[in-house]
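**Student:** I'd like to go over a predicted model; first the sequence, then the structure.
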Amino acid sequence: MPYEWIPHPPDGRPLPEAGAGTPPLRLHAWPYRSLSRRGFAGFIAVTFVLLMVPLMPALGTPVAFALLPFLLGALALLYMLLQRNQRDGEMVEELTLTAAEIRLTRHNPRAAPQDWHAHPHWTRLTLHPRGGPVPHYLTLHGNGREVELGAFLTPAERETLHGDLTRALAAARAPAHLSEPT
């Protein structure tokens with residue numbers, strides 16, 4: 001799945017108070033990447049070879065010089081568009097959760113980071129099965145704002161994340177004295 005919990009997924013135990021020496025619970029989510037950097041280089045190389053095939057019979061003639069700019073232009077355009085797609089996929093959402101605060105930061109590739117925070121006790125997590133821009137739309141509501149979470153995840157991943165985040169929020173809302181053994 002293109003998200004991970006650090007240091008571990010929520011298991012329902014209460015979260016420690018902020019500053020208690022235990023790191024906060026963190027969630028990192030990113031879009032799925034179907035084309036790796038190595039695959040990108042291989043695709044461009046294969047495309048170059050395939051674009052040169054129509055040029056082979058014309059080598060040594062003026063027709064080759066007429067075709068070459070168009071073929072190289074098509075390759076350059078493909079390269080630029082795939083590079084743009086790679087940069088757009090560098091978006092990361094980072095959710096930090098402690099007993100005192102939940103903070104969501106979205107790092108956009110071509111814009112300033114977007115930040116939202118609220119107290120976990122007053123935060124509402126909602127999974128909208130229909131009606132959102134994507135199926136199983138996941139939102140957090142608190143501090144007077146509603147923000148989306150993981151819009152680039154698959155519907156099944158958003159459902160799983162909803163369950164994980166529900167347990168994490170319950171742990172953040174639980175009294176801290178419950179985490180101490182008696």
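**Tutor:** Received, thanks. Just so it is clear, the structure is predicted and the values come from calculations on it, not from any experiment.
**Student:** Pull the number of nearby residues for V134.
**Tutor:** 15 (other Cβ atoms under 10 Å). (Each C-beta comes from the backbone N, C-alpha and C, glycine too.)
**Student:** Kindly state the pLDDT recorded for it?
**Tutor:** Note on V134: pLDDT of 85.
**Student:** now do A29
**Tutor:** We have a pLDDT of 91 for A29.
**Student:** Give the full set of residues in contact with the residue nearest to it when sequence neighbours are not counted.
**Tutor:** Nearest residue to A29, sequence neighbours excluded (Cβ to Cβ, 6 or more residues apart in numbering): Y3, at 3.9 Å. With contact set as Cβ atoms under 8 Å, 6 or more residues apart in numbering, Y3 has these partners: L27, H28, A29, W30, G150, L153, E157, L161.
**Student:** so what's A74 up against?
**Tutor:** L51.
**Student:** Who are the contact partners of the residue sitting nearest the centre point of the chain?
**Tutor:** Note on the chain: the residue nearest the mean C-alpha position is W30, at 2.0 Å, using Cα atoms, centre = their mean. By Cβ under 8 Å, 6+ apart, W30 lies in contact with P2, Y3, G89, M91, V92, E93, F152.
**Student:** Now it. Its backbone dihedrals?
**Tutor:** Dihedral pair for W30: phi -150, psi 160, per degrees, to the nearest 10.
**Student:** circling back: scan the contacts of W30 and report the most crowded one.
**Tutor:** In terms of neighbours by other Cβ under 10 Å, those top out with E93 at 23 neighbours.
**Student:** quick one, phi psi at the closest residue in space to that residue that isn't next to it in sequence?
**Tutor:** Spatially, and ignoring its direct neighbours in sequence, E93 is nearest to A29 (4.4 Å; Cβ to Cβ, 6+ apart). Here the main-chain torsion angles of A29 (degrees, to the nearest 10) amount to phi -130, psi 140.
**Student:** any idea how far A29 is from L75?
**Tutor:** 34 Å (Cβ to Cβ, to the nearest Å).
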